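how would this look folded up:
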Amino acid sequence: MKLRSGMAGLLGVALLSTPSLSACTACFGKTDEALAQGMNAGIYVMLAFVAAAWVLFGSFFVFIARRSKRVNAETDAGESRSV
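From the prediction side, this is the model:
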């Protein structure tokens, strides 16, 4: 038990004594560095994927609605050729 508390204390001192381990350059506010630019590019790519997924999801329901309307119109006219 004493070994664990000693190791935890040593780890705490090591982490608190070196400011370079506290945060990355983006968290320090240096937004012109390559790391911050890379994180921003990653965020934009993820947003593009999410937006594309929402557009595809919505267009699927538009497709279903149009097909339903067409099938209903063909059924009412008596020419049911595609389902």
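
in contact with S68, which residues are there?
For S68, no contacting residues are found, by C-beta atoms under 8 Å, 6 or more residues apart in numbering. In short, each C-beta sits where N, CA and C put it, glycine included.

how close does it sit to V62?
Distance of S68 to V62, computed by C-beta to C-beta, to the nearest Å: 11 Å.

for A73, same thing?
Taking C-beta to C-beta, one finds A73 at 17 Å from V62.

which residues of this structure score low on pLDDT?
1, 15, 18-31, 79-83 (pLDDT under 70).

can you pull out the helices in the protein?
Applying DSSP state H to the chain gives helices spanning 2-17, 25-28, 34-77.

can you say which of those is packed in most?
helix 25-28 (a mean of 13; mean count of other C-beta atoms under 10 Å).

any idea how far R4 lies from R66?
65 Å.

what's the answer for G78, then?
20 Å.
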